[in-house]
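*Asks:* sequence plus predicted model, see below.
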Amino acid sequence: MMRADLHKQPEQVSAMFDEVAASYDRTNTVLSVGNAALWRAATTRAVAPQRGESVLDVAAGTGTSSASLARSGAYVTAADFSPGMIEVGRRRQAGVPNIVFVEADATALPFDDGSFDAVTISFGLRNVVEPKKAIAEFLRVLRPGGRLVICEFSTPPVGLVRFGYGFYQRYVMPPLVRLSSSNDSAYEYLNESINAWPDQAALSAWLREAGFTDVAHRNLTAGVVALHRGVKPV
């Protein structure tokens, strides 16, 4: 079984996601105790896609988030660097006419400058070997005034919640993974990548450094997850 590590070599990460693609959505639902659907709905509301807009969903995986965005009537480009994920996504979202799947690296997006009204990425930025380079790419492909929404695991600000979440990661998640996933070791990397990821203030600072304005974040599930937003200057 393929397992990535915190060096996040693209070939390893892509191959790891190829292996878990078929069971990915089911495992996410189990491990999030049903919260994955709530986080997806909150992200869609934050993006606020409008009919006719062009939206880029990076690290789209099987296209579950893309389908949520597409219900607005926006044209959604679902980008992912895992061929296995894209294959599953194309099959599962075949009935959604306004989604196009594209194999793409977040650090070198194959799109022209100013191509999209909105860019979003859910639970994918921490898997990118150079996340700051990806953020710069998001800024590049956005139109002036375009908006970025990042949904990612984060750091609960309350100590008791951090303790409880750490207990869940260490003692509760492993048996759930064994029940629901086709690759146990891939989810060992999941825990490692979450614990190594910067907190809300640090990610907000990265967005400002890249050139985004109106940067803000909102905690979901007591800060286990956070929504970060920014706007490309006009």
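*Replies:* Arrived safely, thanks for sending. Residues are numbered from 1 along each chain as shown.
*Asks:* contacting residues for Phe153?
*Replies:* Phe123, Arg126, Ile194, Trp197, Val224, Val225 (CB atoms under 8 Å, 6 or more residues apart in numbering). In this view, the C-beta of every residue, glycine as well, is placed from N, C-alpha and C.
*Asks:* ok, now with 10 Å
*Replies:* 39, 123, 125-126, 165, 190-191, 193-195, 197, 221, 223-226 (CB atoms under 10 Å, 6 or more residues apart in numbering).
*Asks:* closest to Phe111 among those residues?
*Replies:* Distance ranking of those against Phe111, using CB to CB, places Leu125 first at 17.4 Å.
*Asks:* pretty sure that closest one contacts Phe138?
*Replies:* Yes - taking CB atoms under 10 Å as the definition, Leu125 is a contact partner of Phe138 at 9.3 Å.
*Asks:* show me where the chain has strands.
*Replies:* In the chain, the strands defined using DSSP state E lie at 54-58, 75-80, 99-103, 116-122, 142-153, 213-220, 225-231.
*Asks:* can you list these in JSON lines and add distance to Asn28?
*Replies:* Output for these, formatted as JSON lines (distance: least, CB to CB, whole Å):
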{"stretch": "strand 54-58", "distance to Asn28": "16"}
{"stretch": "strand 75-80", "distance to Asn28": "15"}
{"stretch": "strand 99-103", "distance to Asn28": "19"}
{"stretch": "strand 116-122", "distance to Asn28": "10"}
{"stretch": "strand 142-153", "distance to Asn28": "12"}
{"stretch": "strand 213-220", "distance to Asn28": "15"}
{"stretch": "strand 225-231", "distance to Asn28": "12"}
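*Asks:* so which of those comes closest to Leu203?
*Replies:* strand 225-231 (5.6 Å).
*Asks:* format the strands of the chain as a markdown table; extra columns: distance to Gln93 and mean pLDDT.
*Replies:* Shown next, in a markdown table, are the strands of the chain (distance: least, CB to CB, whole Å; pLDDT from 0 to 100):
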| stretch | distance to Gln93 | mean pLDDT |
| --- | --- | --- |
| strand 54-58 | 11 | 98 |
| strand 75-80 | 8 | 97 |
| strand 99-103 | 5 | 97 |
| strand 116-122 | 15 | 98 |
| strand 142-153 | 19 | 97 |
| strand 213-220 | 24 | 98 |
| strand 225-231 | 23 | 98 |
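*Asks:* Val172 is nearest to which of these?
*Replies:* strand 142-153 (15.7 Å).
*Asks:* list the strands paired with the closest one, with their directions.
*Replies:* strand 116-122 (parallel), strand 225-231 (antiparallel) (DSSP bridges).
*Asks:* if you compare these, which one is most tucked away?
*Replies:* strand 116-122 (a mean of 26; mean count of other CB atoms under 10 Å).
*Asks:* using CSV, list the CA coordinates for that strand.
*Replies:* Output in CSV follows, covering the C-alpha atoms of strand 116-122 (Å, rounded to 0.1, in the frame of the first residue of the first chain):
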residue,chain,number,x,y,z
PHE,A,116,-11.9,32.3,-12.8
ASP,A,117,-14.3,34.3,-10.7
ALA,A,118,-13.6,32.1,-7.7
VAL,A,119,-11.1,29.5,-6.6
THR,A,120,-11.6,27.0,-3.8
ILE,A,121,-9.7,24.1,-2.3
SER,A,122,-11.0,21.8,0.5
